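1. the sequence isn't on hand, but the structure is:
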């Protein structure tokens, strides 16, 4: 595979803007992707820390034929990407025939999409984006929902973290061999409108609104027919899971601070958590955060406010 590296001056400029960083190496043994993550001490304390990897981990595992790298950025792939990565703008995940915006494509279409990316039943998938993980976690959620649970990882800091490490950047596009992955819906990983209506008053359920404060209160309608939030929903904006590191890269909070956010709103680990936003993109980000923290029952509301706020017969608080 011919890899065209970006001009050294361009990389140098990016590195100068971002700074420098270091990480602990992880070995690849017997052609298998190592489950040990090259994380710092804080990150390693996550209950499900293997779901979040750093740039050095990805680089150390590039030669493994079971590793599939997905670039979930909406633009910039042609200008430079991680060597071997396959472009997957998250718009390709959307079912354009659904009357509600943002729903995932069905299992059959998702199977075709995943296979075109070279994903197999035994693949380990790493997803990255521009750094805040908003798009990479949407892909993460889609893959887990369709049966690849515990086989998907998110690159902490995304592409900017890769550039800071000074690692090789490619500009050629991969042509992967078709994979054999077949989508199988995990119904425990998604809530429908009917599910939410049934569980509204349950003491064992916490509905988490991950949108902005203005959307939650109804001040910002975002072109919806109605503003406000699902009755009883607590507010924890998705961005509160993130911080800027010393190099200016957006990464996830360490374990203790991330857990405190959800403890503060009563999102206990022994309860069913239903995150939602506008079209379950920000909700999927919170799904990942909770998975990272070891929550066992997280069921994003796929329809989110695009459905609840525009149906006309739902109960709304503001």
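-> Arrived safely. Only a predicted model underlies this, so the values are computations on that prediction, with no experimental measurement involved. Numbers count the residues shown, from 1 in each chain.
2. tell me how far stretch 309-318 is from the chain's mean position?
-> 27 Å (C-alpha atoms, centre = their mean, to the nearest Å).
3. buried sites along that stretch?
-> Using 16 or more other C-beta atoms under 10 Å as the test for burial, stretch 309-318 gives 309-310, 314. (Glycine included, C-beta is placed from N, CA and C.)
4. again with stretch 259-279
-> For stretch 259-279, using 16+ other C-beta under 10 Å, the buried residues are 259, 261-262, 267, 272-279.
5. coming back round to it: tell me which of the buried residues of stretch 309-318 is nearest to residue 208?
-> Each of those was scored against residue 208 by C-beta to C-beta, and residue 309 proved nearest at 16.2 Å.
6. what sits against the closest one?
-> Residues near residue 309 by C-beta atoms under 8 Å, 6 or more residues apart in numbering: 224-228, 316.
7. what does the host helix or strand of residue 137 rub up against?
-> Assigned by DSSP states H and E, residue 137 belongs to helix 134-145. Here helix 134-145 makes contact (C-beta under 8 Å, 6+ apart) with 51, 70, 72-74, 88-90, 93, 104, 110, 114, 119, 125, 127-129, 150-155, 158, 185-186, 189-190, 238, 280-282, 284-285, 287-288, 291, 300.
8. now stretch 205-223
-> Here stretch 205-223 has contacts from 196, 199-200, 226-230, 232-238, 262, 265-268, 271-278, 282-283, 285-286, 301, 305, 316, 318, using C-beta under 8 Å, 6+ apart.
9. now intersect those residues with the strands, please.
-> Of the positions in the contacts of stretch 205-223, 234-235, 272-276 sit in strands, assigned by DSSP state E.
10. can you put the residues you listed in JSON lines and add distance to residue 134 and pLDDT?
-> Shown next, in JSON lines, are those (distance: C-beta to C-beta, whole Å; pLDDT from 0 to 100):
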{"residue": "234", "distance to residue 134": "21", "pLDDT": "98"}
{"residue": "235", "distance to residue 134": "18", "pLDDT": "98"}
{"residue": "272", "distance to residue 134": "24", "pLDDT": "98"}
{"residue": "273", "distance to residue 134": "19", "pLDDT": "98"}
{"residue": "274", "distance to residue 134": "19", "pLDDT": "98"}
{"residue": "275", "distance to residue 134": "13", "pLDDT": "98"}
{"residue": "276", "distance to residue 134": "15", "pLDDT": "98"}
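11. tell me the one of those nearest residue 249?
-> Nearest to residue 249 among those, counting by C-beta to C-beta, is residue 275 at 24.4 Å.
12. could I get the contacting residues of the closest one?
-> Applying C-beta under 8 Å, 6+ apart, the residues near residue 275 are 207-210, 283-284, 286-287, 290, 298, 300-301.
13. reformat these as TSV; add neighbour count and distance to residue 216.
-> Below are the contacts of residue 275 laid out as TSV (neighbours: other C-beta atoms under 10 Å; distance: C-beta to C-beta, whole Å):
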residue	neighbour count	distance to residue 216
207	22	12
208	27	11
209	28	5
210	29	9
283	29	13
284	32	18
286	29	14
287	29	18
290	24	18
298	25	19
300	27	17
301	25	14
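14. how about the residues you listed, which pair is most distant?
-> 207 and 284 (15.3 Å).
15. roughly how far apart are the residue nearest to the spatial centre of the chain and residue 154?
-> In the chain, the residue lying closest to the centroid (C-alpha atoms, centre = their mean) is residue 137, at 0.6 Å. Separation of residue 137 from residue 154 (C-beta to C-beta, to the nearest Å): 6 Å.
16. for residue 163, same thing?
-> According to C-beta to C-beta, residue 163 stands 17 Å off from residue 154.
17. over to residue 139?
-> Distance, residue 139 to residue 154, by C-beta to C-beta: 9 Å.
18. now the common contact residues for those two.
-> residue 127.
19. tell me the contacts of residue 306?
-> Neighbours of residue 306 in contact, by C-beta under 8 Å, 6+ apart: 100-102, 224, 278-279.
20. show me where pLDDT drops low in the stretch 201-318 of the chain?
-> For the stretch 201-318 of the chain, no stretch has pLDDT under 70.
21. which parts of it are helices?
-> 213-217, 255-264, 282-292, 304-308 (DSSP state H, counting those that start in this stretch).
22. what's the closest of the ones you listed to residue 176?
-> Taking the helices of the stretch 201-318 of the chain one by one with C-beta to C-beta, helix 282-292 is closest: 23.9 Å.
23. now do the closest one against strand 272-276, angle only.
-> Using axes from the mean of the first three to the mean of the last three C-alpha atoms, to 10 degrees, the direction of helix 282-292 lies 150 degrees away from that of strand 272-276.
24. what residues does helix 282-292 touch?
-> 46-49, 51-52, 133-134, 137-138, 140-142, 144, 154, 208, 210-211, 236-238, 241, 252, 258, 262, 267, 273, 275-277, 298, 300-301, 304.
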